[in-house]
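>>> how would this look folded up:
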Amino acid sequence: FAWLTLLHGRGVINTTLLEWGVISSPLALVRNELGVVIGMVHYMIPYAVLPLYANMRGIDPRLVPAARGLGASPGYAFRRVYLPLCIPGILSAGVLVFIFSLGFYVTPALLGGGKTIMIAEYIAVQINDTLNWGAGTMLASSLLVTVFAILALMARVVDLRQVFGVK
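Below you'll find the model as predicted:
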């Protein structure tokens, strides 16, 4: 609801931009994909940061200075030493955010205004509104199997205990 207050046509952001003369008419920031993306990114940032942080804490901080001592530039040392060690955290953050995003229901309903429908909302429409239990069950089951398959693939690529900071 806070994002609706901020992003609405007469919301804080549009009013401020109009008063400053940056825009001449209000921007369409809600009831479209942009509003949904803004709300989802705001909600998902902590879920992306935590696996990244857990992964980065496990990287030996002496590796990049060692590469610098051997003549690598700062950018090269980052690209060739630090970034490859961060890949498990990046993959984990991406998978975690993707899986959580599959179940988004309220944020797209509010900020999308019914024009942007995510799969969870579509499942609810199939079951509650159209009473098409078969399609709703099939979609929900497919979603569950997809999530388990993604987690199984992820577990084969990286050690999930290490990525999520479990010792």
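>>> going by neighbour count, list what's buried in stretch 42-50.
Neighbour-count burial for stretch 42-50, with 16 or more other C-beta atoms under 10 Å as criterion, is recorded at Tyr43, Met44, Ala48, Leu50. Backbone N, C-alpha and C define where each C-beta goes, glycine included.
>>> contacts for the helix or strand harbouring the last one next, please.
To tie it back to what came earlier, the one meant is Leu50. Assessed by DSSP states H and E, Leu50 sits inside helix 33-57. Helix 33-57 has contacts (C-beta atoms under 8 Å, 6 or more residues apart in numbering) with 3, 7, 28-29, 85-86, 88-90, 92-94, 96-97, 100-101, 104, 107-108, 110-113, 116, 118, 162-165.
>>> got a list of what Leu29 touches?
By C-beta under 8 Å, 6+ apart, Leu29 lies in contact with Leu7, His8, Gly11, Ile13, Asn14, Gly35, Ile38.
>>> please, where are all the helices along the chain?
2-7, 12-20, 33-57, 63-69, 74-77, 83-102, 106-112, 119-124, 133-157, 160-163 (DSSP state H).
>>> would you turn those into CSV with mean pLDDT?
Formatted as CSV, the helices of the chain follow (pLDDT from 0 to 100):
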stretch, mean pLDDT
helix 2-7, 88
helix 12-20, 93
helix 33-57, 92
helix 63-69, 94
helix 74-77, 94
helix 83-102, 89
helix 106-112, 85
helix 119-124, 88
helix 133-157, 90
helix 160-163, 66
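>>> of these, flag the one that's most buried.
Using mean count of other C-beta atoms under 10 Å, the stretch among these with the largest mean neighbour count is helix 106-112, at a mean of 20.
>>> restricting to C-alpha, output that helix in PDB.
C-alpha atoms of helix 106-112 as PDB (Å, rounded to 0.1, in the frame of the first residue of the first chain):
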ATOM      1  CA  VAL A 106      -0.600  -9.500  -3.400                       C
ATOM      2  CA  THR A 107       2.000  -7.200  -4.900                       C
ATOM      3  CA  PRO A 108       1.100  -7.800  -8.500                       C
ATOM      4  CA  ALA A 109      -2.600  -7.500  -7.600                       C
ATOM      5  CA  LEU A 110      -2.200  -4.200  -6.000                       C
ATOM      6  CA  LEU A 111       0.500  -2.500  -8.100                       C
ATOM      7  CA  GLY A 112      -0.500  -4.200 -11.400                       C
END
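>>> how far does that helix sit from its chain's centre?
In terms of C-alpha atoms, centre = their mean, to the nearest Å, the centre of helix 106-112 is found 15 Å from the chain centre.
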